[in-house]
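Q: below are the sequence and a predicted model; questions follow.
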Amino acid sequence: MSHLFDSHGAAGSGWSQPEPLLPESRISLPANLIRRKMPQWPRISESEVVRHFTWLSTRNFGIDTGFYPLGSCTMKHNPRVNETIADISGIAEIHPMQPEHHIQGMMAIFSEMQKMLSICAGMDEVTLQPVAGAQGEFAAMRCIQEYHRANGDEMRDKVIVPDSAHGTNPASAVMAGYQIVEIPSGPGGFLDLEVLRSVVGDDTAAMMITNPNTLGIFEPEITEAAEIVHAAGGQMYYDGANFNAILGKANPGLMGFDAVHYNLHKTFAQPHGGGGPGSGPIGVKSHLAEFLPGPIVKRRPLVEGDITEASDEWWFSWYEPKNSIGKVHQWHGNAGAVIRSWAFYRRYGRTLKQMSEHAVLNSNYLRHRIHQLASEAGIGSMIVDGSSAKFVKHEFTLSLSPLKEATGISALDIAKGLLDQGYMAPTIYFPLVVPECMMVEPTETESIETLDKFAENFVKVLQESPEVLHAAPVSTPVGRVDEVHAARNLTLRHPME
Amino acid sequence: MTDQLPNLGREAEMLSAMNLNSIDELFADVPLEVRYKGELPLPEPQSEEELLRDAKRLLGANRPLSESISFLGAGLYRNYVPALVGQLIRRGEFLTAYTPYQPEVSQGMLQAMWEFQTLTSELCGLPVANMSLYDGSTAAAEALTCAVRVHNRKATQKDVVYVSELISPAKRSVIFNYTQGGGIEVRTLKHTSDGLLDLSSLSLAKGACGVYVEQPNPLGLLDGGLTQIKQIIGENTALIVGVQPTSLGVVEAPGNYGADIVVGEGQVFGTPMTAGGPLYGIFTCTEKYLRQMPGRIVGRTIDNKGAEAYCLTLSTREQHIRRHRATSNICTNETLIALMGAMHMSLLGPDGLNRLALRNMASCQLTKQKIAELTSVAIPHIHGHHYNEFVVELPGSAADCLSYLDTKGIIGGFDLSGWYPERKNWLLITATDQNTSAEVELLVAHLAAWSSAKIQGLSA
């Protein structure tokens, strides 16, 4: 066990820096603002810092370590050249308030990304500013709110959310000032149009939904749902968390959506970084464009006097939508994530739909293999599909309720058992509508061999004894972690003497 | 053809295992009318080499501050990120992990974030810290909504918060967007002509839910008066202080003068400006705010054998559990960037932090002293104590001056008319630890040339 705060080296830093440009005696500070006690940070050498964080990294699981089928999170391979590109000083050392003629190259990439994202989702305008999916949801709810206000529709104060939605949907809508109307899923996990009809009205501001939904199945009646919401005067919002399933195959614009967000850290391979950073641009149809957060990049043909090495054709400039909601982030969003995602999409270009085809192919193949091997092992009835759909999209859900009833083994136990096999566990207990749920998303970047091996090991874990699984994991850096103890004995930082 | 799909060319093998003939059968449930028709109108797929060539050409057309003489800051500061940060952060175990929902295989990131919480808690002088918010502006906004949740019941000014009038319009806009949904009214606190907070206006904030001020303030001024705020507003109003975190190497931690919540833009520790993101918002507070705070928190605990372990805790505040009753919608945050910050802070130690703060102050104060020697410009807050930046009043517009300096290869600062439209002639000049004496001399010489010419032009 290595602790950062165990080392208290001598005064003087292990980290040398140049002298200040003025001696300390000539630096002025209000007397009552002089820091009396310095923070108790460690005093350790560069070698100790390197060793400490390297050691920590060995106690962490990433996509680079092994298969990471975390449903809803799209844990695909992160191409390494994207990191090389993000380190180029022409992005890393750019200040967001530099004049436009200093940053034409970056703005060219922003412009290309806005256009690419618009095309892929059938939207008219995109802002790259929101820095996470949830922030995209929030920004879009604000745009929809201002749209209704501009139309004199202030009474529209309700947002409809299916019970299978991501938790961020209702949380984001509430932050914008809306009340939530949660509707139950119909048979098979699909949207129930009768229920939808019964809740829409002149208080409906919007409906938020992801498609394919969180069960991994495509909503076949999505256009009808959009018609119902639109007829009531509401707007349709597409949660792009599951966009990896349908990019280039199905078009949210044609489904009737007015606004979407994109998770660049899911669909476009911005590394997830242990919890972030992400990037959550939003796209809208033209009637919402004037409300988007700015600035947005616009381009015009070059004219005489323009000097740029970024393009032979275009000059790029910032543009503020005329009734913009303002800002959700201090600057232009997570530019570093946008650049990485640009690099990712360029590897596919016009063949980007192959990405979604393979994500869906891998998902269905893995689902098929798990059921096949479970049946062969005589335990096929212990796991049931979360949905009755014949085919799924990029992810699928399994209910382990029969297993739990027969053996007492829970989805959590299976998750911990999978850790012992060298895998990240799938998402568990989500969506809430599937009891003892496991949500599996293999992504397009896993080979047949990896999927076959996982199916084999998954079925092996299903057959483990309750004693073994209740005690799992045993081969990880620590055993099963006591989360209740953590909440009851809050220790949120290192105690100092 | 892309090189990113391991099963490309093996589709038939997989399909036949499922008794299928084509991938399209897997999309049979997608109604025809919503299908994407035709091929995406996008460029040809690129190899890594072709892509890198394009990226270098495009990004090479930009003018990075590292290759410029720059005095631009205004909330985001040029810094030096130690080499180990960029290298260690590319460990795939960190880079390619996600939120540590399975603590047994996420101890590395969990412990690192627990250490980050300790580092920022010590820095700000408050006992509780979270794993990061998106940036300094959202940290300020979420601090205000958190203050309302904690104080609204007892507040005599319900749903009211006060914010310094100097706060940049971008931050003000973020605060508006985050607070308007909850029906929170944001009122402003005045500053006096010396740029400091008008303490006499603070009695207005008594009984409100929270007060947000910055130290140093947006004009670069360190304001000793902030140490008196808590006594004026009292226990039932949260004092929220936004900091430039490196300044806390010389400047008192707000937690030690009554702040209830301290937030800041973490970028100066660990990450270059990156055109404004990804950054990370520091959020620290007293225990009173713990259960209403936004964002993820790591706690130390034990495993089933009693061994030390770490996990996410107090998750019942969060959207994935509490849904529409969550304290915030934040899910994906800025963990990796916070980790870069933790690495940088660990390397600095308290003495390195002190040195870094002194360097920032010295650069700023040297620049100010040199410019004060010019008769052609004025420094409105000349008697103030500055950190990183200060205002120069010019004999012409700041925009004009910046254009002139740009032709000399100098990024001269920030045109404050962008924040305060009536201040056409105010230039915010920023100097950080990265500026050299030679750069300062050059700025002063060109500023002298421009401003003298301007004055001659005016008098002619």
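A: Good, I have the coordinates. Numbering: from 1, shown residues only, chains lettered A, B, ... in the order given.
Q: switch to C-alpha atoms for all contacts and neighbour counts from now on
A: Fine.
Q: near chain B, which residues of the stretch 101-250 of chain A are found?
A: Residues of the stretch 101-250 of chain A lying close to chain B (Cα under 8 Å from any Cα of the partner chain) are A:102-106, A:108-109, A:116, A:119-120, A:131-135, A:142, A:166-178, A:180, A:218, A:220, A:248-250.
Q: recalculate using a threshold of 6 Å.
A: A:102-103, A:105, A:167-168, A:170-172, A:175-177, A:248-250 (Cα under 6 Å from any Cα of the partner chain).
Q: check pLDDT for the residues you listed and point me to the minimum.
A: Lowest pLDDT of those: A:G167, 90.
Q: that residue contacts B:R322, correct?
A: No. With contact defined as Cα atoms under 6 Å, A:G167 does not reach B:R322; the gap is 7.6 Å.
Q: okay, the two: which has more neighbours?
A: Set side by side, A:G167 and B:R322 show more neighbours around A:G167, with 25 against 18, by other Cα atoms under 10 Å in any protein chain shown.
Q: mark which of the residues of the stretch 101-250 of chain A next to chain B are buried, thanks.
A: Among those, those buried by neighbour count (16 or more other Cα atoms under 10 Å in any protein chain shown) are A:102-103, A:105, A:167-168, A:170-172, A:175-177, A:248-250.
Q: from the contact counts, what lies against whatever helix or strand A:E146 lives in?
A: Counting by DSSP states H and E, the element that carries A:E146 is helix A:133-150. Applying 3 or more Cα pairs under 6 Å, 6 or more residues apart in numbering or on different chains; DSSP states H and E, one finds that helix A:133-150 contacts helix A:168-176.
Q: ok, the residues of the stretch 101-250 of chain A next to chain B vs B:V440, which is closest?
A: Among those, A:H102 lies closest to B:V440 (Cα to Cα), at 21.3 Å.
Q: relative to B:T271, how far out is that closest one?
A: A:H102 sits 21 Å away from B:T271 when distances are taken as Cα to Cα, to the nearest Å.
Q: what's the answer for B:I337, then?
A: 7 Å.
Q: now residue 342: closest residue in space that isn't a chain neighbour?
A: As the question left the chain open, I've gone with chain A. A:M113 (6.4 Å; Cα to Cα, 6 or more residues apart in numbering or on different chains).
Q: um, chain B though
A: B:F116 (5.3 Å).
Q: same deal with A:A411?
A: A:E436 (5.4 Å).
Q: buried ones in the helix holding A:E146?
A: Buried, per 16+ other Cα under 10 Å, within helix A:133-150: A:133-148.
Q: just those now: which is nearest chain B?
A: A:A134 (6.1 Å; Cα to the nearest Cα).
Q: pLDDT at the closest one, what is it?
A: The model's pLDDT for A:A134 equals 96.
Q: tell me the contacts of it?
A: A:T168 (Cα atoms under 6 Å, 6 or more residues apart in numbering or on different chains).
Q: nearest residue to the residue nearest the centre of chain B in space, ignoring adjacent ones along the chain?
A: By Cα atoms, centre = their mean, chain B has its centre lying nearest to B:E265, at 2.8 Å. Excluding the flanking residues, the one nearest B:E265 by Cα to Cα, 6+ apart is B:G136, at 3.9 Å.
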